[in-house]
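*Asks:* would you be able to build a 3D model of this:
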Amino acid sequence: MTTRRLPLLIATGLLALGATAALAGGSSAPFEQYQPDPALKTASKTNLEGRVRHACAVVQARMTNAPEASLERPCGCYARQTLRSLDESEIEAYRTTGYFNDSARAKALSALDSCKLQRPV
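*Replies:* I've put the predicted structure just below:
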């Protein structure tokens, strides 16, 4: 997957960052030229959670060769836990950039572990 397509995939689903699971791991370097969806600025927290859940399902399905539908429950767990753990500055950073900053990424990794999902490499 190219560096350009990964941010688009993440943005579409959650970003579709979560990013969600993919948003949880690694550095933000691949996203430096990425333009976030302008709708993130005004999206409700419920909408953000849906985007993170979808991104998680897309990324986890690719990593595990499982159907996206089978990941709805664990990715829902991940999205809820991640967004509930973020403070307002982390949510605002996500709205601005379209991906999790370093402090939010650490919380997202913890949520991946708690929800028994694979961490991205």
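
*Asks:* which helix in the chain runs the most residues?
*Replies:* In the chain, ranked by residue count with DSSP state H as the criterion, the top helix is helix 45-64.

*Asks:* show me which residues of it are buried.
*Replies:* Using 16 or more other Cβ atoms under 10 Å as the test for burial, helix 45-64 gives 48-61, 63. For the C-beta atoms, the positions are set from N, CA and C on the backbone; glycine is no exception.

*Asks:* how about those, which pair is most distant?
*Replies:* Taking Cβ to Cβ, the two most distant members of the buried residues of helix 45-64 are L48 and M63; they sit 22.2 Å apart.

*Asks:* next, count neighbours for L83.
*Replies:* By the measure other Cβ atoms under 10 Å, the count of residues near L83 is 24.

*Asks:* all helices for this protein, in order.
*Replies:* 5-13, 21-24, 45-64, 72-85, 88-97, 102-114.

*Asks:* quick one: list the elements packing against the third one.
*Replies:* In terms of contact count using 3 or more Cβ pairs under 8 Å, 6 or more residues apart in numbering; DSSP states H and E, helix 45-64 is assigned the packing partners helix 5-13, helix 21-24, helix 72-85, helix 88-97.
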